[in-house]
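In: Fold the following for me, if possible:
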Amino acid sequence: MTRPLAIPEPLRERQARASNPKSSAWVSANAGSGKTHVLAQRVLRLLLAGAPPAKILCLTFTKAAAANMADRVFNQLAEWTSLSDGALAKKIMDCGAPAPGPQELAFARQLFARTIETPGGLKIQTLHAFSERLLKLFPFEANVAAHFKVIDEREAKLLLQEARDEALAELGRLSGSAAALDLVARESGAFKFDELLQEALGRSETFADYRDAETYMAALCLALGLRPGVTAASTEAEMIGGDVERMRREAWAQGLEAGKNADCVIAASLRAANDESAPEARAQALTPQEASSPLLDVPYALRHAAVSTWLNAGVAPPQVAEWAGHSVAVLLKVYAKCIDGQDQIAKRRIEDALAESDDTAAPATDDAEDSGDDDAD
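Out: Numbers count the residues shown, from 1 in each chain. A predicted model of the protein is given here:
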């Protein structure tokens, strides 16, 4: 069984000073150290001092804190109505108030009904609720609609979704914006599109500072230190091009080859970038028929793993996929269409299989003929 925590007397004295309504106090303490208790005691002492309940305002950050404080105050006042004089006097002194006389005790027993019956009641509320009340009392001074309504989070999401759908439909009907919308949708993907729109909505004030997309792009390039006229294609070409960059990618690829399958995939991508930096050289090395095939556009990524060699050797695609760290779908999509000579190999295998079948059937005929001759003899 947990014993009640004994509050040191010096702490009680500090709490009594902080709850004194005649002084202005700033209380700074850790969570759970009794700040709400001190504030509740201060409200009780204000009521005991004769302050009208309607003139007491207590503000909190959260609804839970406001409900907790109101619950403490009203429970204490309700308890006072049924206590004996001695018990009530002790409760009042525990609040930090001086010892009460007969008149003070009678007044304390009336505080619960007085607070409940006060028009508007005791105001213990959140900062948001207090601000909303002020705006409703003075809508014209605040330049807001006289009968505005504060919507909850669910309603806000529904309204934003409706506005978003209308804006997207309008963009889709405009020829100049449809292509841009299609690009954003493809780049963000199905699962990130809503997240991207939400982030853009949060930065709407930033976008509003610029006249159009070109002005915003110019400011963005300036902030990123990009030279005028730079595009995604030119930046990518600059990253891929150059012998120094190719040597760096090759060095990185060699280091990654000794790692796991995921590292090998990254190494393959680095080598593929090197291969795709010289499509003209591949066009010169291939025959006209090969140059018109996917061989020109799709280089042999992961060729150090001999994927095409394994496939040409007749290794089953599932086994090749396991060795190379691919899925079978990726293997057949990327490699199978780029392997040159597959049709000749397949035909040769068919011919070999047919020839083997003929060779197997021939001795059986000779045995049959020999058997017949022996019987004739």
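
In: contact partners of the helix or strand Leu160 falls within?
Out: Element membership of Leu160 [criterion: DSSP states H and E] is helix 153-173. For helix 153-173, contacts defined as C-beta atoms under 8 Å, 6 or more residues apart in numbering pick out Ile151, Ser177, Ala178, Ala180, Leu181, Leu197, Leu201. Yep, even glycine has a C-beta here, placed from its N, CA and C like the rest.

In: Give me the below-cutoff pLDDT ranges for the stretch 151-300 of the chain.
Out: The stretch 151-300 of the chain contains residues with pLDDT under 70 at 236-246, 273, 275-300.

In: what ranges do the helices span in it?
Out: Secondary structure of the stretch 151-300 of the chain by DSSP state H, counting those that start in this stretch: the helices cover 153-173, 175-188, 193-202, 204-208, 213-224, 232-240, 243-256, 261-276, 279-285, 288-291.

In: Likewise for the stretch 1-150 of the chain?
Out: Taking DSSP H, counting those that start in this stretch as the criterion, the stretch 1-150 of the chain contains helices spanning 9-18, 35-48, 63-80, 85-94, 102-117, 127-137, 139-142.

In: And the third one, what does it pack against?
Out: I take that to be helix 63-80. With contacts defined as 3 or more C-beta pairs under 8 Å, 6 or more residues apart in numbering; DSSP states H and E, helix 63-80 has these neighbours: helix 35-48, strand 57-60, helix 85-94, helix 102-117, strand 123-126.

In: Pull the CA coordinates from the first one and hand them back as CSV.
Out: Once non-C-alpha atoms are left out, helix 35-48 reads as follows in CSV (Å, rounded to 0.1, in the frame of the first residue of the first chain):
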residue,chain,number,x,y,z
LYS,A,35,1.3,23.8,-10.2
THR,A,36,-2.4,22.9,-10.9
HIS,A,37,-2.9,22.5,-7.1
VAL,A,38,-1.5,26.0,-6.5
LEU,A,39,-3.7,27.5,-9.1
ALA,A,40,-6.8,25.8,-7.7
GLN,A,41,-5.9,27.1,-4.2
ARG,A,42,-5.5,30.6,-5.6
VAL,A,43,-9.0,30.4,-7.2
LEU,A,44,-10.4,29.2,-3.8
ARG,A,45,-8.7,32.0,-1.9
LEU,A,46,-10.1,34.6,-4.4
LEU,A,47,-13.6,33.3,-3.8
LEU,A,48,-13.0,33.3,0.0
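
In: Give me the buried stretch members for it, please.
Out: By neighbour count on 16 or more other C-beta atoms under 10 Å, the buried set for helix 35-48 is Lys35, Val38, Leu39, Ala40, Gln41, Arg42, Val43, Leu44, Arg45, Leu46, Leu47, Leu48.

In: quick one, that helix and helix 63-80 angle?
Out: 50 degrees (axes from the mean of the first three to the mean of the last three C-alpha atoms, to 10 degrees).

In: domain parsing for the chain?
Out: For the chain, the domain assignment from automatic domain parsing gives the residue ranges 9-24+32-142, 153-230, 231-277, 292-364.

In: Report how many residues lie close to Ser177.
Out: Taking other C-beta atoms under 10 Å as the criterion, the count of residues near Ser177 is 13.

In: measure it to Leu171 for me?
Out: Ser177 sits 4 Å away from Leu171, taking C-beta to C-beta, to the nearest Å as the criterion.

In: and if you look at Leu135?
Out: Leu135 is 35 Å from Leu171, where distance means C-beta to C-beta.

In: Tell me if I am right that Arg348 is in a strand.
Out: No: using DSSP: H, G, I helix; E, B strand; the rest coil, the secondary structure at Arg348 is helix, not a strand.

In: okay, stretch 51-64 in CSV with CA atoms only?
Out: Output in CSV follows, covering the C-alpha atoms of stretch 51-64 (Å, rounded to 0.1, in the frame of the first residue of the first chain):
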residue,chain,number,x,y,z
ALA,A,51,-14.3,38.1,-5.5
PRO,A,52,-17.3,37.6,-7.8
PRO,A,53,-17.1,34.3,-9.6
ALA,A,54,-18.0,35.9,-12.9
LYS,A,55,-14.8,38.1,-12.6
ILE,A,56,-12.4,35.3,-12.2
LEU,A,57,-10.7,34.1,-15.4
CYS,A,58,-8.4,31.1,-15.4
LEU,A,59,-6.7,30.2,-18.7
THR,A,60,-5.0,26.9,-19.6
PHE,A,61,-3.4,25.5,-22.8
THR,A,62,-5.4,22.3,-23.1
LYS,A,63,-9.0,21.2,-22.5
ALA,A,64,-7.8,18.5,-20.2
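
In: sorry, back to before: tell me what angle the helix holding Leu160 forms with helix 175-188.
Out: Computed by the same axes, to 10 degrees, the angle between helix 153-173 and helix 175-188 is 120 degrees.

In: Number the residues from 16 up from this point.
Out: Got it, the first residue is 16 from now on, which makes the last one we talked about helix 168-188.

In: Centroid-nearest residue for this structure?
Out: Closest residue to the average C-alpha location of the chain: Glu210 at 7.5 Å, with C-alpha atoms, centre = their mean.
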